[in-house]
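A.B. asks: From the sequence below, what's the structure:
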Amino acid sequence: MPRFDKLKKILTSKFELDLLDAALENLNDLSNKLRLNNFAYSVRELTRHFLNSISPDDNVKGCTWFKAELPDGKLTRRQRIKYAIYGGIEESTLEELGFNIEELNATISLLVGTIDSLSKFTHITPEIFNLKDTDIEQKAEEILKTLDKFVETIESYRTKLVDFLDGLIEEHMDESVASNAFINLDTLAPHYSLNYCDVSGYHISEINDQEIIVDVEGRIHVTLEYGSSSDRREGDGVDLKESFKFKTQIKYFISSEFPSDDFEVIDYDVDTSPWYEGDNIE
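C.D. replies: Below is the predicted model:
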């Protein structure tokens, strides 16, 4: 049987990991003539739980592209997979940005088919009942490879989309960060002025039904200003040019454009500890 270390890193909860282990234990029950069928059923349930965990009902239904397709109001696997890959972004927006929509839809269809392919093992027929151990081993490996492919394809394709979107926001980073105040600096001087900002790294960390959230880090260059207005006019004030590392997040609200002008900078964290420690800040 193949090793699935990468799969276990992608599964999102202890329950999913326990379910995978239980499915494997079920498979190893040599006295049970239904062990392959039970194993396949458990793996199919694992794909369902995994998909539900990364595509919660409320989030999927909160997407502007969502339309009810089933009479009972339940979500389709295709809708959950769409959300798992690109959240609440409209397909038309991705197409306008230059993302390969044909490949995207082909991948989603492939993932839906991957889950469907497990059904042939869960239905009890003479062809897959009480098989020889060698046949069970072969089919069980096929099932696990199907699960691995399903989980890894979602992960890798979402990464592909995130990397694509990351490439569209580089010019927007400095402007977005520089437009906000740095609360930590207020404790260092009565006033300060921002000279410029260097963004050293950024990456989209989340795409949900409403927002695209970008983690940003870099260094801000400021002038710390000491002395009152009159002191400074008389030459008694002091200006100190310093720089500090920072981390923050930029929340872009999903719209027909990306990056959107509708954004918010959150969770600002300027590292001023070197100032108090007397280190060389530059």
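A.B. asks: Any idea which residue is closest to the centre of the protein?
C.D. replies: residue 206 (4.2 Å; CA atoms, centre = their mean).
A.B. asks: which SS state does the residue lying closest to that one once chain neighbours are set aside fall under?
C.D. replies: Closest residue in space to residue 206, ignoring its immediate chain neighbours: residue 213 at 4.3 Å, by CB to CB, 6 or more residues apart in numbering. Every residue, glycine included, has its C-beta placed from N, CA and C. Using DSSP: H, G, I helix; E, B strand; the rest coil, the structure places residue 213 in strand.
A.B. asks: follow-up on the earlier one: so the residue nearest to the centre of the chain, which state does it fall into?
C.D. replies: From three-state DSSP, the assignment for residue 206 is strand.
A.B. asks: Would you state the helices of the chain in chain order?
C.D. replies: For the chain, helices defined by DSSP state H occupy the ranges 5-10, 14-27, 35-54, 57-61, 77-86, 91-97, 101-117, 119-122, 133-166, 170-178, 229-233, 273-277.
A.B. asks: which helices and strands does the third one pack with?
C.D. replies: Helices and strands in packing contact with helix 35-54 are listed as helix 14-27, helix 77-86, helix 101-117, helix 119-122, helix 133-166; criterion 3 or more CB pairs under 8 Å, 6 or more residues apart in numbering; DSSP states H and E.
A.B. asks: Can you flag the weakest of these by average pLDDT?
C.D. replies: Of all these, helix 119-122 carries the lowest average pLDDT, namely a mean of 79.
A.B. asks: Who are the packing partners of that helix?
C.D. replies: Looks like helix 119-122 contacts helix 35-54 (3+ CB pairs under 8 Å, 6+ apart).
A.B. asks: State the mean pLDDT of the helix it packs on.
C.D. replies: Here the average pLDDT along helix 35-54 is 89.
A.B. asks: how about it: buried residues?
C.D. replies: Across helix 35-54, burial judged by 16 or more other CB atoms under 10 Å covers 35-44, 46-47, 50-51, 54.
A.B. asks: Could you do stretch 124-144 as well?
C.D. replies: So, applying 16+ other CB under 10 Å, buried residues of stretch 124-144: 128, 131, 136, 139, 140, 143, 144.
A.B. asks: Kindly report the same for stretch 238-257.
C.D. replies: So, applying 16+ other CB under 10 Å, buried residues of stretch 238-257: 242, 243, 244, 245, 246, 248, 249, 250, 251, 252, 254.
A.B. asks: Closest one to residue 65 out of the residues you listed, please.
C.D. replies: Using CB to CB, residue 254 comes nearest to residue 65 of the buried residues of stretch 238-257, at 10.2 Å.
A.B. asks: so who does the nearest residue to residue 62 once chain neighbours are set aside touch?
C.D. replies: The shortest distance from residue 62 to any non-neighbouring residue, by CB to CB, 6+ apart, is to residue 209 (3.8 Å). By CB atoms under 8 Å, 6 or more residues apart in numbering, residue 209 lies in contact with 59, 60, 62, 63, 83, 87, 88, 254.
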